[in-house]
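**Q** Sequence first, then the predicted structure, then my questions.
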Amino acid sequence: QVQLVESGGGLVQAGGSLRLSCAASGRTFTSYIMGWFRQAPGKEREFVSAISRSGGSTSYADSVKGRFTISKDNAKNTLYLQMNSLKPEDTAVYYCAATGAPYSRVPITTTFYNFWGQGTQVTVSS
């Protein structure tokens with residue numbers, strides 16, 4: 001079991017930056033593949049980014065590639081999402097997710113993740 005708590009969301013103007021954090025507690029942090037997903041009002045939850053247990057492999061949605069960077073600090077049991085050049089369409093609730101399953105690649109769909117945080121709101125104004 002792992003517990004996930006996101007922070008760092010807020011209101012920012014288009015073109016601005018935010019850094020989201022996800023603090024993990026419970027089982028060893030390096031046991032999990034970690035991911036970020038987001039859900040805008042009236043839309044399904046969608047993949048944003050994911051990172052392997054070691055941090056050596058990452059994946060990004062095309063919509064955020066080149067603007068967002070996922071990273072993790074295993075010593076602090078914390079996952080990060082640095083978001084730059086934010087756009088109004090990035091507005092959503094952002095969720096941290098984890099899976100302990102032995103996937104060879106980082107999953108990019110919600111069904112593969114079995115632990116979720118409560119979410120943090122990101123609002124980008126135009």
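**A** Cool, got the structure.
**Q** helix/strand/coil for Y103?
**A** The local conformation at Y103, judged by DSSP: H, G, I helix; E, B strand; the rest coil, is coil.
**Q** May I ask you to confirm that it is in contact with I33?
**A** Yes - with contact defined as Cβ atoms under 8 Å, Y103 counts as touching I33 (6.3 Å). No exception for glycine: its C-beta is placed from N, CA and C like everyone else's.
**Q** Tell me which of the two has more neighbours.
**A** I33 (21 against 13; other Cβ atoms under 10 Å).
**Q** which residues does the nearest residue to S52 once chain neighbours are set aside contact?
**A** Spatial nearest neighbour of S52, excluding adjacent residues (Cβ to Cβ, 6 or more residues apart in numbering): V106 at 5.5 Å. By Cβ atoms under 8 Å, 6 or more residues apart in numbering, the contact set of V106 is I33, G35, A50, I51, S52, S57, T58, S59.
**Q** Would you mind giving those as a markdown table with pLDDT, distance to T111 and secondary structure added?
**A** Listed next are these as a markdown table, based on pLDDT from 0 to 100; distance: Cβ to Cβ, whole Å; DSSP: H, G, I helix; E, B strand; the rest coil:
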| residue | pLDDT | distance to T111 | secondary structure |
| --- | --- | --- | --- |
| I33 | 94 | 13 | strand |
| G35 | 97 | 12 | strand |
| A50 | 97 | 13 | strand |
| I51 | 96 | 18 | strand |
| S52 | 93 | 18 | coil |
| S57 | 93 | 20 | coil |
| T58 | 96 | 20 | strand |
| S59 | 96 | 16 | strand |
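**Q** Which element, helix or strand, includes the residue nearest the centre of the chain?
**A** Centroid-nearest residue in the chain: W36, 2.0 Å away (criterion: Cα atoms, centre = their mean). Counting by DSSP states H and E, the element that carries W36 is strand 33-39.
**Q** just checking, what packs against that strand?
**A** strand 18-26, strand 46-51, strand 68-73, strand 78-83, strand 92-99 (3 or more Cβ pairs under 8 Å, 6 or more residues apart in numbering; DSSP states H and E).
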